[in-house]
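Chemist: A structural model of the following input is requested.
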Amino acid sequence: MKRTIAKILPLLCGFTLGFTPMVAYGQLSVFPLTIQRQAESGQARGVINIFNNSNKSYRARVSLSPFTYNREGLQVLTTSPNDLTPYLTFSPRELVIAAGQKRSIRFNARLLPSLPQGEYRAMFSVEELEDNSSNSDANAENQVSISVNIAATIYVINGNFVPKLGVEKAFYDGNKKQIRLLVNNTGEATTRAKTEWNLSQNGKIVNSGKVEETTMIAKGERYIQISYPPQGKTLTPGNYQLSGKLYWNAKKAENLPFNFNFTVSPQDIIK
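Modeler: I've put the predicted structure just below:
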């Protein structure tokens, strides 16, 4: 059987850990978008619910990929020392979701006793399978085309680890029209951080806002991106101060204040 594969990967940078609202991609939706589990005796289990919001049935298949986040966002990988995919099983792996119905997919992670302690992760995708057997081209008989409709992320922590966030710097990117706050996570567990910020000039607050959540991968760095100026606002060259707090950890709220000075040049304005 031949297969033509066309993957459309969603941006996962907006996903939360464990308490995500349902999000739809086309006619399918998934809940939760991200699952984080503590391994117990080398095992972790969970359920992902797939909803078909259309008026037709979907034939679908589960697929997996290792991933990480770099400074800019999601990065799908081919290999990773934190790859969870070899240790995951799903039931069912292929399924039909009737129109207007929900199907649940159960997963089980079994970690080898020889695996080092740490965080293991996988991107879970549900791909629609379209039967192209009616294609007039004889060579296309029994072809199946695959397109990714939805994706979620699974984290399994093997050991007793927590995130540890630090804020390194803030600066203005004139090309992207963004204030960028560089955050590192030196801990060995991924978390998500909410950001409250104030922008000041000459001691006066000129704007404030929030960034709802940004994934901070274990042992990694990430830019929190604040689009600026917003519609109806202007930005003039000069010295600015960005202050505020990061908040993370749903079970035991933690926060980290930050305060940085940065300069916006005339060239930044005209880029």
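Chemist: Every contact and neighbour count from this point should use C-alpha atoms.
Modeler: Noted.
Chemist: quick one: contacts of stretch 41-52?
Modeler: Stretch 41-52 is contacted by residues 27-32, 35, 37-38, 58, 97-113, 156, 158 when judged by CA atoms under 8 Å, 6 or more residues apart in numbering.
Chemist: pretty sure Glu72 is in a helix, no?
Modeler: No: counting by DSSP: H, G, I helix; E, B strand; the rest coil, Glu72 is not part of a helix but coil.
Chemist: roughly how far apart are it and Arg103?
Modeler: As for Glu72, its distance to Arg103 is 34 Å (criterion: CA to CA, to the nearest Å).
Chemist: More neighbours: which of the two?
Modeler: Higher neighbour count among Glu72 and Arg103: Arg103, with 16 against 12, using other CA atoms under 10 Å.
Chemist: What helix or strand is Thr236 located in?
Modeler: For Thr236, there is no host helix or strand (DSSP states H and E).
Chemist: show me what contacts it?
Modeler: 264, 266, 269.
Chemist: shouldn't the first one be in contact with Gly238?
Modeler: Pointing back at Val264 there. Yes: the pair Val264 / Gly238 is scored as a contact, 5.3 Å apart, by CA atoms under 8 Å.
Chemist: ok, the two, which is more surrounded?
Modeler: A count of neighbours by other CA under 10 Å puts Val264 above the other of Val264 and Gly238, at 18 against 12.
Chemist: Can you give me every residue that contacts the closest residue to that one other than its chain neighbours?
Modeler: Counting by CA to CA, 6 or more residues apart in numbering, Val264 lies nearest to Pro237, which is 4.9 Å off, once chain neighbours are set aside. Applying CA under 8 Å, 6+ apart, we find Pro237 in contact with 263-266, 268-269.
Chemist: how close does Pro237 get to Asn202?
Modeler: 12 Å.
Chemist: go on, Tyr247?
Modeler: Distance from Tyr247 to Asn202, by CA to CA: 27 Å.
Chemist: neighbour count winner among these two?
Modeler: For Tyr247 versus Asn202, neighbours defined as other CA under 10 Å are more numerous around Tyr247 (18 against 10).
Chemist: now what about the strand or helix carrying the more buried one, what contacts it?
Modeler: Using DSSP H and E, Tyr247 falls within strand 238-248. Strand 238-248 has contacts (CA under 8 Å, 6+ apart) with 170, 191-202, 253-265.
Chemist: related to what we said a few turns ago, farthest pair within the contacts of Pro237?
Modeler: The largest separation in the contacts of Pro237, counting by CA to CA, is between Thr263 and Ile269 at 11.4 Å.
Chemist: Filter the contacts of strand 238-248 down to just the buried residues.
Modeler: Those of those that meet the buried threshold are 170, 191-200, 258, 260, 264, by 16 or more other CA atoms under 10 Å.
Chemist: any idea which of these is closest to Thr68?
Modeler: Nearest to Thr68 among the buried ones among the contacts of strand 238-248, with distances taken as CA to CA, is Thr191, at 12.7 Å.
Chemist: what's the spacing between the closest residue in space to the closest one that isn't next to it in sequence and Asn255?
Modeler: Among residues not flanking Thr191 along the chain, Met216 sits closest, at 5.4 Å (CA to CA, 6+ apart). To Asn255, Met216 is 14 Å away according to CA to CA.
Chemist: ok, what's across the strand from the closest residue to Ala151 other than its chain neighbours?
Modeler: Nearest non-adjacent residue to Ala151, counting by CA to CA, 6+ apart: Ser125, 4.3 Å away. Under DSSP bridges, the beta-bridge partners of Ser125 are Ser63, Ala151.
Chemist: Same question for Asn207.
Modeler: When bridges are called by DSSP bridges, Asn207 pairs up with Leu199.
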